[in-house]
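Chemist: Whatever this is, show me its structure:
(one chain, ligands or ions: 2)
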Amino acid sequence: VYNLKKKKKVDSWAYFKRNEVECLIRLFHSLMGRTDHNKFRGILHSIFGMTDVMLMNRVFSAFDRDNDNYINAKEWVKGLSVFLRGTFEEKLKFCFEVYYLNGDGYISREEIFDMLKNSLYQSSEEENDEGVKELVDITIKKMDYDNDGKISFADFEKAVREDRLLLEVFGPCLPEAQVYTSTKSSYLMRELVRVCVCVCVCV
Ligand SMILES: [Ca+2]
Ligand SMILES: [Ca+2]
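Modeler: Ligands and ions are numbered 1, 2, ... in the order given. Alright, predicted model coming up:
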């Protein structure tokens, strides 16, 4: 009974096969130890090609479920499970968590402004607050179904179900399609090993 329970517990927090979970945990312990913001950003950058520091920090917080500012082995496997093999519903929830982050359960007008400004102007000197404000208005008009001026999860879900492109409307926070649609575990493992080695050398 104990073994069955134990197996069920492992299966229930990840879409990986048991040997993949073990491999990921081994990698985690031997190469990374406690994963802080810097190491995690290194992984997101080198394996998933992310470059946006603000979004990478938000992805870190979505992985860091107990909010202790470190990613432990369980958070690592669980996060990667949603990230790489999650269902549409899980990805929807994940993206919403990345975007709202301040904990009140809504994406506010100010948060939308900050995220759109960040993703539009991060590499240029030129800033156009009026242009960003217009975009914020358009976005809210499109996604705020109950007209309370902020985006709840219900608003977000409804909007994304109507237009899948809105899933990452406030900036890329999931791996590129070719990474997460790959079901070949060997591909994932090879990439992770490559990245872990790279992170260890660089940090
Ligand atoms: Ca944590
Ligand atoms: Ca709303």
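
Chemist: For the spatially most central residue of the chain, grab phi and psi.
Modeler: By CA atoms, centre = their mean, the chain has its centre lying nearest to residue 59, at 4.2 Å. Main-chain torsions, residue 59, degrees, to the nearest 10: phi -60, psi -40.

Chemist: Contacts only, for it.
Modeler: Going by CB atoms under 8 Å, 6 or more residues apart in numbering, residue 59 touches 40, 44, 50, 98, 173. Quick note: C-beta positions are derived from backbone N, CA and C, even for glycine.

Chemist: which bits of the protein sit near ligand 2?
Modeler: By CB under 5 Å from the ion, the residues of the chain that approach ligand 2 are 144, 146, 148, 152, 155.

Chemist: In contact with the second one, which residues?
Modeler: I take that to be residue 146. By CB under 8 Å, 6+ apart, residue 146 lies in contact with 152, 154-155.

Chemist: hang on, it in a strand?
Modeler: No. Counting by DSSP: H, G, I helix; E, B strand; the rest coil, residue 146 falls outside a strand, being coil.

Chemist: List phi and psi for it.
Modeler: phi -100, psi 10.

Chemist: who touches the helix or strand containing residue 137?
Modeler: Residue 137 is part of helix 129-143, with elements assigned from DSSP states H and E. With contact meaning CB under 8 Å, 6+ apart, helix 129-143 is reached by 109, 112-113, 116-117, 120-121, 149-151, 155-156, 159, 166, 169.

Chemist: Please type out the ChimeraX selection for whichever of those turn out to be buried.
Modeler: In ChimeraX syntax, the buried subset of those is picked out as below (16 or more other CB atoms under 10 Å):
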select :109,112,113,116,117,120,150,151,155,156,159,166,169
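
Chemist: Quick check: the two most widely separated of the contacts of helix 129-143?
Modeler: Using CB to CB, the contacts of helix 129-143 span at most 25.5 Å, a distance reached by 121 and 155.

Chemist: can you give me the strands in this structure?
Modeler: Taking DSSP state E as the test, none of the chain falls into strands.

Chemist: where does it have low pLDDT?
Modeler: 1-14, 30-33, 122-127, 176-203 (pLDDT under 70).

Chemist: Those residues of this protein touching ligand 1, which are they?
Modeler: 64, 66, 68, 70.

Chemist: how does it look with 8 Å?
Modeler: The chain has residues 63-72, 75 near ligand 1, with proximity defined as CB under 8 Å from the ion.
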